[in-house]
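Peer 1: Prediction below, plus the sequence it came from.
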Amino acid sequence: MPTPLNKDVCNEQLFSKLYRRYSKDLHDFIFYKFGEQFDPEDKVHEAFIKLWRNCKKVSPDKAKSYLFTVINNLTLNDIKHKKVVLKFQKTIKTNLTAESPQFVLEEKEYLEKFETALANLTEAQRVAFMLNRVEGKRHKEIAEILNISRKAVEKRIYSALEKLREDIEGI
Amino acid sequence: MKKKDLISKWLDFNLDDSELEAFNKLDASGSYHKISETAKLFKSPALDNEKSYLLLQEKLKHQRKTRPLLQSISAIAAILVVCLGTLYFLNSSTTSHHAQNGITTELRLPDSSEVILNAESLLTYDANDWPEKRELSLKGEAYFKVAGGSTFSVSTPQGTIRVIGTQFKVKDRPGFFEVVCYEGRVEVVFNNKKQLLAAGQSFKSLGSEIFAESTRAEYPEWLDQKTIFKSVPFHQVVSELERQYDIEITGTPVDNTTAFTGTFSHENLETALQAITIPLNLSYSINGKNVVLKNNRQ
């Protein structure tokens, strides 16, 4: 935990520590919630710039929730003025084994369905699900990041999984 | 164990060997594994923490300091101040602070009173007389948090404000004079008339008319990166936008009597322009530092 020696975050060392601790989670949070077109890294910077400007008003233990609230609002503000298009970054599969054309086609179809299904999840479901499946975070860690109960996280991830399966397999 | 609990435990990376076996026997387990694997293809791009932090520091520097060109000018200015200061040391030492367009500047006075200057504002005072005579002169707009002590007075081209220990802001722009008291009491002298403002009251003059208004704010809205207007002539709104974004706005699409009520943000020029143009059915085009306003009905 941050040292209680600091009553606010107007300390460059503490500030950089906060950056190292939270930038990735903030970045992933925005990326999984809204997609990449809102430039998550830029949003992370904006949030920290705002924190620095208001550093006197923020105590170290409030910094995390301050950052998450600010970054969420900043992005929502942006969205108001842009059309939301969800398109997730695809990592190109470098699979060199010979695959039958049918298999390739099926895989492609699956991926397309997956992308649509992922975009159709609620933002809350998607963030929790992706932090869990992709970033390998456990329920408790996600609960801390999102500031909600562990039970709520479990529910979001489980419902996301079921919703994806339904949408993809057309059950 | 219930199927749902088993799945949730799998999702929490928390199955022991026998449970994992049970999970893998579920009809849908293949689908779950595949979904989980496919999700990884949508991983967020890696964030290089160190590089990203350096970039942030660059951005912060830009925010806090004046631009390079201005830095060299201020260096020359500083040398001049030192020279003049040595020459006239016994006479006086006038200190001045200037906030450029698009920048707000925070400063502390010798008695630890705080001042925040809004964009394009100039504050001067004589540090030698401090703290016996707390007198400042201001051109532009500023927010004051005055430490207790002797009378603290701020003169602007249009009026004078006198207080003892309180919080208030002054905005003195051509054709516009406003004082808002956030805490304590403030005395405003305007056109040789005295007026007392209590916390939450404000005084505004637009040329000849004078308005008394009340506010619930605890500090000026521009500390939150926005400007609020209440029935203010549109050209005043345009001038404020020019100061905040360091741009030049041309075109006079509406006459000088058109009033505007609303808010614009200091963080995004497009958003700000939309906020002021849409209500009046205007359109804008941005070309570098120049913005042209047009009336859609013309």
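Peer 2: On my side now, so go ahead.
Peer 1: Need the contact partners of stretch A:139-154.
Peer 2: Residues external to stretch A:139-154 that are found in contact with it (CB atoms under 8 Å, 6 or more residues apart in numbering or on different chains): A:25, A:29, A:65, A:68, A:127-128, A:131-132, A:137, A:157, B:8, B:11-12. The C-beta positions use only the backbone N, C-alpha and C, and glycine is treated the same way.
Peer 1: Correction: the previous question concerned stretch B:121-132.
Peer 2: Against stretch B:121-132 from outside (CB under 8 Å, 6+ apart): B:92-99, B:107, B:109-111, B:115, B:117, B:133, B:135-142, B:149-150.
Peer 1: so what does the lengthiest helix in chain A touch, helix or strand wise?
Peer 2: Longest helix in chain A by number of residues (criterion: DSSP state H): helix A:12-34. In terms of contacts (3 or more CB pairs under 8 Å, 6 or more residues apart in numbering or on different chains; DSSP states H and E), helix A:12-34 is packed against helix A:40-53, helix A:60-80, helix A:123-133, helix A:139-146, helix B:49-64.
Peer 1: lowest-confidence stretch among those?
Peer 2: Per-segment mean pLDDT for these reaches its minimum on helix B:49-64, at a mean of 78.
Peer 1: what's the closest non-adjacent residue to residue B:10?
Peer 2: Distances taken as CB to CB, 6 or more residues apart in numbering or on different chains place residue B:23 nearest to residue B:10, at 5.1 Å, with adjacent residues excluded.
Peer 1: Could you pull up the contacting residues of the one you found?
Peer 2: Applying CB under 8 Å, 6+ apart to residue B:23 gives the contacts B:6, B:7, B:10, B:15, B:29.
Peer 1: my guess is the third one meets residue B:32, correct?
Peer 2: Yes - with contact defined as CB atoms under 8 Å, residue B:10 counts as touching residue B:32 (7.3 Å).
Peer 1: more crowded one of these two?
Peer 2: Comparing residue B:10 with residue B:32 by other CB atoms under 10 Å in any protein chain shown, the one with more neighbours is residue B:10, at 22 against 19.
Peer 1: list the contacts for the more buried one?
Peer 2: Contacts for residue B:10 (CB under 8 Å, 6+ apart) come out as B:19, B:20, B:23, B:32.
Peer 1: now the residue nearest to residue B:10: how far from chain A?
Peer 2: Residue B:23 sits 13 Å away from chain A, going by CB to the nearest CB, to the nearest Å.
Peer 1: Kindly confirm my reading that residue B:23 is in a helix.
Peer 2: Yes - according to DSSP: H, G, I helix; E, B strand; the rest coil, residue B:23 belongs to a helix.
Peer 1: who's in contact with the residue nearest in space to the middle of chain A?
Peer 2: Nearest residue to the geometric centre of chain A (CA atoms, centre = their mean): residue A:29, 2.0 Å. With contacts defined as CB under 8 Å, 6+ apart, residue A:29 is in contact with A:68, A:71, A:72, A:127, A:131, A:145, A:146.
Peer 1: per-residue confidence at residue 121?
Peer 2: Using chain A here. Residue A:121 is assigned a predicted lDDT (pLDDT) of 89.
Peer 1: right idea, wrong chain: chain B
Peer 2: 89.
Peer 1: Name whatever forms a beta bridge with it.
Peer 2: Beta-bridge partners recorded for residue B:121 (DSSP bridges): residue B:99.
Peer 1: count of residues packed around it?
Peer 2: Neighbours around residue B:121, by other CB under 10 Å: 25.
Peer 1: go on, the one 4 residues further on?
Peer 2: For residue B:125, the tally of surrounding residues (other CB under 10 Å) stands at 22.
Peer 1: leaving aside the residues next to it on the chain, what's closest to residue 47?
Peer 2: Assuming you mean chain A. Excluding its sequence neighbours, the residue lying closest to residue A:47 (CB to CB, 6+ apart) is residue A:71, at 4.1 Å.
Peer 1: wrong one, I was asking about chain B
Peer 2: In space, residue B:47 comes closest to residue A:27 once its chain neighbours are excluded; the distance is 4.8 Å by CB to CB, 6+ apart.
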